[in-house]
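Engineer: Fold the following.
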Amino acid sequence: MVTDKKFYTTLVQIALPLAMQNLITYGIGLADNFMVGSLGDLSLSGVFLSNQVQWLLFMFCTGLGAAMVVLAAQYLGKKDVKNAKVVIAITLKFALGLGAAATLLVFLFPARILNLFTQDEKVIAEGMRYIRIVCFSYIFFSVNSVLLASMRCVQNTKIGFLSSLTGFFVNVFLNWVLIFGNLGMPALGVSGAAIATLIARIAELGVTFRYVRFIDKNLCLRIKDLALRNREILSDFFRYGLPVLLGDIIWGIAGSTQVAILGRLGTEVLAANTIAANLFQFFSVLVYGIANASGVIIGRTVGSGDYQRVKMYSKTLQLIFLGFGLLTGLLIFFTKGLILAVGFPSISDEAHVYAQQFLTVFSITIVGTSYQMSVLTGIVRAGGATSFVLINDLIHVWLIVIPSALLSAFVFHFPPVVVFACLKCDQVLKCIVAIIKLNRWNWMRKLTR
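Structural biologist: Here you go, the predicted structure:
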């Protein structure tokens, strides 16, 4: 174990605000589910399906941010701020284009997109009321995600917490006003939830932009920095960042495919998955925070060239990942019944039973998620082996997870909990790969020029 207190201090200083940021971000989704869930299974399912586009966009932006951090963190590790800003400028331009394209596509073809996930016309009708409004939040969300990732490069994650906290309060308050028609406003239902989300995204970007532009003294990003360019760095971004981006995109597509499979098993199954997925995200915030913090620390240490320190850090982090996974799994298992009873009293009895079963599966697989995801994306990918993580995900998701779930659901007609377990089995299987890859130490590579 590492004995240097500075290592643990840095890990906590980066991970805790990231965890709080994710807690609040997922809390927004959970608050939406609590409030929209009171309108019934149809409204809950319609909003959840609509948010699959947001999920895909989230994974695109996560991939862009991770690709940027891998490269920019190594430049900052060698104290090359100028080229780090070039990497950030490249990523911001991609994010702007991505957000605009997603908005246009969803606004023009909302029904066709929702039809990919379910054939239930009533669920699609509810989703249409939500997605036509919320699609205008995509640009604000994309830019904000990349700006917050740029702050992670300089080990500043507090602004992410403040940005998400602002969005949380704005979203919850406006949900209360617009969904149910309080303070003299009309009761808009799912349309009100969409308007609240749009305004919350604008508020989040406003807080982040003000900090980056007027307060941050590390990168000193300015609007004119968007014009920065460097062909060699752009080439490096595609060479090393593209596998990272593709990995998150493929994972996003796989997640939406999983929803499409469950969506064809009935509205109750879809509602149960909506609740279980949001609760899982809520409980796993610290796990993801530590994984992201590890990526920043490992990336900067590899960039400095101190490989002995990288090995020492990695050995310690493995034990931390496993410990947090076990604690989170126990927490999910012992609190699931109480949370479902108190938080979701309006869902059907069948959906309640499925949600209980799905959360039991999550309580087991979160141990694997905490270890393998943190090792592969937090250490191995940040250390330079970006293509390996992509190939590993492709093999597990498309050769094991999706085929086994399709066979379970539509050939053997197993119960929904078995299908759900097949969809999450890779979280345990990847642990074997993670252990072997990390401890071979062949993933440490300097990516900077």
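Engineer: Secondary structure element for Trp441, which one?
Structural biologist: Under DSSP states H and E, no helix or strand contains Trp441.
Engineer: most remote residue from this protein's center?
Structural biologist: In the chain, the residue that sits farthest from the middle, by CA atoms, centre = their mean, is Gly184; the gap is 35.9 Å.
Engineer: From Val177, how far off is that residue?
Structural biologist: Per CB to CB, to the nearest Å, Gly184 is found 9 Å from Val177. From N, CA and C alone the C-beta is placed, and that goes for glycine too.
Engineer: One more: Ala351?
Structural biologist: Going from Ala351 to Val177 by CB to CB gives 27 Å.
Engineer: again, but for Gln258
Structural biologist: For Gln258 relative to Val177 (CB to CB), the value is 34 Å.
Engineer: So which of the two has more stuff around it?
Structural biologist: More neighbours surround Gln258 than the other of Gln258 and Val177, with 21 against 18 (other CB atoms under 10 Å).
Engineer: for the stretch 301-449 of the chain, what spans make up the helices?
Structural biologist: For the stretch 301-449 of the chain, applying DSSP state H, counting those that start in this stretch gives helices covering 307-343, 349-368, 386-396, 402-406, 416-424, 426-438.
Engineer: With respect to Trp55, which of those lies nearest?
Structural biologist: helix 416-424 (14.5 Å; CB to CB).
Engineer: Which residues does that closest one contact?
Structural biologist: Residues from elsewhere that reach helix 416-424 (CB atoms under 8 Å, 6 or more residues apart in numbering): 258, 261-262, 265-266, 269, 272-273, 354, 357-358, 361-362, 365, 401, 404-405, 408-409.
Engineer: which of the residues in that helix are buried?
Structural biologist: In terms of neighbour count (16 or more other CB atoms under 10 Å), helix 416-424 has its buried residues at Pro416, Val417, Val418, Val419, Phe420, Ala421, Cys422, Leu423, Lys424.
Engineer: can you check stretch 384-391 too?
Structural biologist: Buried, per 16+ other CB under 10 Å, within stretch 384-391: Gly384, Ala385, Thr386, Ser387, Phe388, Val389, Leu390.
Engineer: Skip the chain neighbours and tell me the closest residue to the fourth one.
Structural biologist: In other words, Ser387. Pro243 (4.4 Å; CB to CB, 6 or more residues apart in numbering).
Engineer: quick one, what contacts the one you found?
Structural biologist: Taking CB under 8 Å, 6+ apart, we find Pro243 in contact with Thr386, Ser387, Val389, Leu390.
Engineer: 7 Å instead?
Structural biologist: By CB atoms under 7 Å, 6 or more residues apart in numbering, the contact set of Pro243 is Thr386, Ser387, Leu390.
Engineer: ok, now Ser150?
Structural biologist: Neighbour list for Ser150: Met68, Ile88, Leu219, Leu221 [criterion: CB under 7 Å, 6+ apart].
Engineer: Now tabulate those residues in JSON lines and tack on distance to Gly289 and neighbour count.
Structural biologist: Conversion of the contacts of Ser150 to JSON lines gives the following (distance: CB to CB, whole Å; neighbours: other CB atoms under 10 Å):
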{"residue": "Met68", "distance to Gly289": "18", "neighbour count": "28"}
{"residue": "Ile88", "distance to Gly289": "21", "neighbour count": "27"}
{"residue": "Leu219", "distance to Gly289": "21", "neighbour count": "19"}
{"residue": "Leu221", "distance to Gly289": "23", "neighbour count": "19"}
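Engineer: so of the residues you listed, which ones are in helices?
Structural biologist: Counting by DSSP state H, the contacts of Ser150 place Met68, Ile88 in helices.
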